[in-house]
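**Student:** Starting from these lines, generate the structure:
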Amino acid sequence: MTDLPPTEDASAAALPIIDAGSANDDAPTAAQARTERRLQVRAALLLIATVALLVCSGLYLMWIRGAFEETQRLILLSDDAEGVQVGMDMTFAGFPIGRVRSFGLGEDARVRIVVDVPVKDIKWLRASSVFTLERGLVGGARLRAFTGMLEDKPLPPDAEREVLSGDVSAEIPAMVADARDVLGNIKRMTDENSELNNAVMQLRRFAQRVNGVKTGLIGALTGDDMDAKRASDLLSTSQQLIKRLSELTLHVDAAVQKADQQVLGKDGLVAGARVSVSELNALLASTRQALEKADAILKDAQAIAGNAREASADLGSLRADVESSLQQVDGLITELNRKWPFAPKAQEIRLP
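**Tutor:** Below is the predicted model:
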């Protein structure tokens, strides 16, 4: 055997001597320790996964909410910030295009509402856009934007715009006052000494008078039996007059029917006039034919006159030719008389 180094002997001597029984008792303890270690590792991994999931969820929510988008700041000025909350949306046509980042009082004691608008949605806002803050009876306030002309100039960065406030609850006192006035008017109308009550009482008295008088409504209106009788007689006379007018109307209708028969009947004036018109048309047609024949005769006469005029013109030209021929013959004879041997033997000279 080789000798061990002194250090190894000392360490070996320092170690306790474990027998087989004690080794068997410590075996379950080591297995439990390994199981606990594995459980701790799993718990740590689960905790890390949970934290990572929470972080990822938070980042996703921030990304969904536009925390990483490039935004443009818009400052809205208002006199009252009631109902405004950090994180509330500013809508355009019902779609959120901005979010309130902060709000506070400025040096001029006016509320300054800072709104972050994503760059991709800033195209819906123009220099002429209008912003409103509406407060209803139910629900929170609503911040809305309206753009009438999308062709207008774009909204510059850090622009300051006025907010038009509309609060329905502010009109409640006026509505209550109006309702109070209406109730007061109704109370005055239904009062014992009101005009409506007096009118109802008079109508009741009139109904009692109608029921208490024998002549009925006429007696109640006139207030006297004699006047009521006269009114009844007048009504009777009016009925008789209406009856006579009806009879007169019947007679007039009969006369009108007879006149229709005489004028528009089979042998009436209209039929005779129609026959006369037919005969007149036939006479006019025959006259038209006679005029056409006369026109033809006149045309023939004009043709004959034209021929005669042409013949007379030819005779005139012929006469002119004959006269010119005779003048030429006369000139020739004169010329022959002047010349020898046809000249006269004795020439006579005559003084003037």
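**Student:** which residues sit against the helix or strand where Val100 lies?
**Tutor:** With elements delineated by DSSP states H and E, Val100 resides in strand 95-105, which encompasses its position. By CB atoms under 8 Å, 6 or more residues apart in numbering, the surrounding residues in contact with strand 95-105 are 65-66, 73-74, 81, 84-91, 111-118, 121, 124-125, 143, 145. Glycine gets a C-beta too; all of them are placed from N, C-alpha and C.
**Student:** again, but for stretch 140-154
**Tutor:** Counting by CB under 8 Å, 6+ apart, stretch 140-154 makes contact with 76, 82-85, 88-92, 97-98, 100, 113, 115, 122-136, 163, all of which sit outside it.
**Student:** of those, buried ones?
**Tutor:** When neighbours are counted using 16 or more other CB atoms under 10 Å, the contacts of stretch 140-154 contain these buried positions: 76, 83-84, 88, 90, 92, 97-98, 100, 113, 115, 122, 124-126, 129, 131, 133-135, 163.
**Student:** Please flag which of those sit within strands.
**Tutor:** Members of the buried ones among the contacts of stretch 140-154 lying in strands (criterion: DSSP state E): 76, 90, 92, 97-98, 100, 113, 115, 131, 133-135, 163.
**Student:** Rebuild those residues as JSON lines, extending it with pLDDT.
**Tutor:** What follows is those, written out as JSON lines (pLDDT from 0 to 100):
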{"residue": "Leu76", "pLDDT": "91"}
{"residue": "Met90", "pLDDT": "91"}
{"residue": "Phe92", "pLDDT": "92"}
{"residue": "Ile97", "pLDDT": "90"}
{"residue": "Gly98", "pLDDT": "89"}
{"residue": "Val100", "pLDDT": "91"}
{"residue": "Ile113", "pLDDT": "92"}
{"residue": "Val115", "pLDDT": "92"}
{"residue": "Phe131", "pLDDT": "92"}
{"residue": "Leu133", "pLDDT": "89"}
{"residue": "Glu134", "pLDDT": "85"}
{"residue": "Arg135", "pLDDT": "81"}
{"residue": "Val163", "pLDDT": "89"}
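**Student:** tell me the two of those that are most distant?
**Tutor:** Every pair in those was compared (CB to CB); the two farthest apart turn out to be Ile97 and Arg135, at 20.4 Å.
**Student:** Show me the helices in the stretch 201-350 of the chain, by range?
**Tutor:** Listed from the start of the chain, the stretch 201-350 of the chain has helices (DSSP state H, counting those that start in this stretch) covering 217-222, 225-264, 269-338.
**Student:** ok, the residue nearest the centre of the chain to Ser278 distance?
**Tutor:** Centre of the chain computed as the mean C-alpha position; nearest residue by CA atoms, centre = their mean is Gly148, 18.0 Å away. Counting by CB to CB, to the nearest Å, the separation of Gly148 from Ser278 is 78 Å.
**Student:** tell me which residues in stretch 93-108 are buried?
**Tutor:** Applying a neighbour-count criterion of 16+ other CB under 10 Å, one finds 97-100, 103 buried in stretch 93-108.
**Student:** List the contacts of the nearest residue to Phe103 once chain neighbours are set aside.
**Tutor:** Of all residues not flanking Phe103 in the chain, Ile113 sits nearest, at 4.3 Å (CB to CB, 6 or more residues apart in numbering). Ile113 makes contacts with 75-78, 81, 84, 100, 103, 143, 163, as judged by CB under 8 Å, 6+ apart.
**Student:** and if you look at Val86?
**Tutor:** Residues in contact with Val86 (CB under 8 Å, 6+ apart) are 100-103.
**Student:** how about these, which pair is most distant?
**Tutor:** Of all pairs drawn from the contacts of Val86, the one with the longest distance (CB to CB) is Arg101 and Phe103, at 8.4 Å.
**Student:** What is the neighbour count of Asp121?
**Tutor:** In terms of burial, Asp121 registers 18 neighbours under the definition other CB atoms under 10 Å.
**Student:** Val263 too?
**Tutor:** Count around Val263 with other CB under 10 Å applied: 12.
**Student:** Distance-wise, check it relative to Ala273.
**Tutor:** Plainly put, Val263 is 10 Å away from Ala273 if you go by CB to CB.
**Student:** Please apply the same query to Val130.
**Tutor:** When distances are taken as CB to CB, Val130 and Ala273 turn out to be 81 Å apart.
**Student:** same check, this time on Ala290
**Tutor:** Distance, Ala290 to Ala273, by CB to CB: 25 Å.
**Student:** Next: Ser78.
**Tutor:** Separation of Ser78 from Ala273 (CB to CB) stands at 92 Å.
**Student:** Compare neighbour counts for those two and give me the winner.
**Tutor:** The residue with more neighbours, out of Ser78 and Ala273 and counting by other CB under 10 Å, is Ser78; that gives 19 against 11.
**Student:** For that one, which residues count as its bridge partners?
**Tutor:** On the basis of DSSP bridges, Ser78 is bridged to Val111.
**Student:** unless I'm mixing things up, it is touching Arg161, no?
**Tutor:** No: no contact is recorded between Ser78 and Arg161 when judged using CB atoms under 8 Å, the distance being 10.1 Å.
**Student:** In the stretch 151-300 of the chain, where is pLDDT below threshold?
**Tutor:** Counting by pLDDT under 70, the stretch 151-300 of the chain shows low-confidence ranges at 167-172, 209-228, 264-272, 276.
**Student:** If we use 80, what do you get?
**Tutor:** Under the criterion of pLDDT under 80, the regions of the stretch 151-300 of the chain flagged as low confidence span 166-175, 189-194, 196-197, 202, 205-235, 259-288, 290-291, 293-295, 298, 300.
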